[in-house]
Structures are given as C-alpha cells and as structure tokens.
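> sharing a sequence plus its predicted fold:
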Amino acid sequence: MTAQTCPRQHQRTTMEIASLEPSLYTVKAVFILDNDGNRLLSKYYDTELYPSMKEQKNFEKNVFNKTHKADNEIAFVEGMTIVYKCSIDLFFYVVGSAQENELMLMAVLNCLFESLGQILRKNVERRCLLDNMDGVFLVVDEIIDGGVILESDPQQVIQKVNYRADENPLSEQSVAQHITDKLAMTSNIMQSAKEQIKWSILK
C-alpha cells in the first residue's frame, strides 16, 4: 500500500521520531487481525476505551471493514487515529487519539512490523504468527508499555527480547528470564521517562 501524506503530520522525519526514546506519546491500542477480520492479538492500554470484550471486537470489526480494502495507511474511525498495514493474510493496527501524531504512530507500526518480520524470519503470515505468539507478545511489550512508547528501533527490540533470526524460537526458560529482567528494569524505564519529560520541557 502507498503511504499518503496527511496535512496534520508534524514536520519531523521518521528518523528524528525514532531518536525520541522513551516517548510519552500515547498509544490507545494495538491489534492484529487475520484477513477475515478475526482477532489474533490485541492490547488496549486505555481502560476507558472499549472496556468490554464485546466493545473491543465491535470496534475492531468496524476498523477492519473500513480499512481492509482501502489503499492508504491512515484511517479515522470512531474518533480514533489509526495507522495500519497488511502482510499476506494479516492486518496490523496501531490506535491513537484524534490529536495524536500520525508519524509517531506510524513509527510504532513500522517497528512492530519489522521486529515481527525478524522473529518470524520474514514469514509474516497467520500460521507462523500463531506458532510464535510468546515472541510476538514480548515484541509488543518492548515497544509499548502501558500505552507509552518505549522503543521504535526494531534492532533494539530484537536485542531486548533476546531473539535472533538465526536462533531457535524462545524457550520457556528464556521467556521467563526475559520477564524477570524486564521487571528489574521497570524502575530504570520510569526514571528515563521522567528525564524525557524534563528534556522536552527544557527544549
């Protein structure tokens, strides 16, 4: 699909955006659907946005119906800004508020897509995704934590989940170790976020 320029986009390049980490831009939700619109993965970070499973699935169905045949990468549905892309039989969506910077959301989407391309050895399709869900969830959690964007560099994401294209899939032990390490890093991440706030204000 061909990207279209949106007049509301800020004058920043993707590289400049990627250098702002951790970012305090908020992601409302991330979900992956198959080519029939069925949910394969979803994470909602705003508890007030579609709090029930039924509301979430209705929203996802509405988004899918308005995007799966469209020839662009940005949509505005139910007051939300949505960026998306497809691969074979998968659709990837990142959702932000109506005021959110589309370039920032697109940086998250591209990071997610490229990171999954590496852990799935470029086989970004439904069956391979379902066979590697542990790794997929780890990738999402390394990019976004509680709606806060922590990373937009696919190489850094892959490094953090201890996953290489030429290695075997994550074992249960390595997954458990990663979770332990991530919990230990939480305080450092929050401190970095606070420093980012100070940096943004001073700038």
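Here it is on my side, so go on.
> run through this protein and note the low-pLDDT ranges.
Counting by pLDDT under 70, the chain shows low-confidence ranges at 1-25, 162-203.
> so the closest residue to residue 120 other than its chain neighbours, which of the three states?
Nearest residue to residue 120, sequence neighbours excluded (Cβ to Cβ, 6 or more residues apart in numbering): residue 128, at 4.9 Å. C-beta: built from backbone N, CA, C; applies to glycine. Put simply, residue 128 is helix when judged by DSSP: H, G, I helix; E, B strand; the rest coil.
> and residue 128, how far from residue 122?
Separation of residue 128 from residue 122 (Cβ to Cβ, to the nearest Å): 9 Å.
> go on, residue 146?
On the measure of Cβ to Cβ, residue 146 and residue 122 end up 30 Å apart.
> so residue 128 and residue 122 - more neighbours on which side?
residue 128 (17 against 12; other Cβ atoms under 10 Å).
> is it correct that the more buried one is in contact with residue 117?
No. Between residue 128 and residue 117 there is no contact under Cβ atoms under 8 Å: 10.5 Å.
> surely residue 96 forms part of a strand?
Yes. Applying three-state DSSP, one finds residue 96 inside a strand.
> report the contact partners of it.
Residue 96 is in contact with 25-28, 80-83, 102, 104-105, counting by Cβ atoms under 8 Å, 6 or more residues apart in numbering.
> one more time with 7 Å, if that's ok
26-28, 80-81, 105 (Cβ atoms under 7 Å, 6 or more residues apart in numbering).
> show me the residues you listed that map onto strands.
In this view, those that belong to strands under DSSP state E are 80-81.
> returning to what we had before: the residue nearest to residue 120 and residue 108, how far apart?
22 Å.
> list the contacts of residue 63.
Taking Cβ under 7 Å, 6+ apart as the test, what residue 63 contacts is 77, 82, 93.
> and it, that one's in a helix?
Yes. Note on residue 63: a helix contains this position according to three-state DSSP.
> and the closest residue in space to residue 80 that isn't next to it in sequence, what does it touch?
Leaving aside its chain neighbours, residue 80 sits nearest to residue 95 (5.2 Å; criterion: Cβ to Cβ, 6+ apart). Neighbouring residues of residue 95 by Cβ under 7 Å, 6+ apart: 27-29, 80, 82.
> mind running it again at 8 Å?
27-31, 63, 80-82, 105.
> cool, and residue 32?
Residue 32 touches 39-42, 90-93, 129, 136, counting by Cβ under 8 Å, 6+ apart.
> now the strands: where do they sit in the chain?
Counting by DSSP E, the strands of the chain are 29-34, 39-44, 74-77, 80-87, 90-97, 144-145, 148-149.
> specify the beta-bridge partners of residue 29.
In this entry, residue 29 is beta-bridged to residue 44, residue 95, by DSSP bridges.
> that older thread, now which of the contacts of residue 63 would you call buried?
77, 82, 93 (16 or more other Cβ atoms under 10 Å).
> with that, I have no additional questions.
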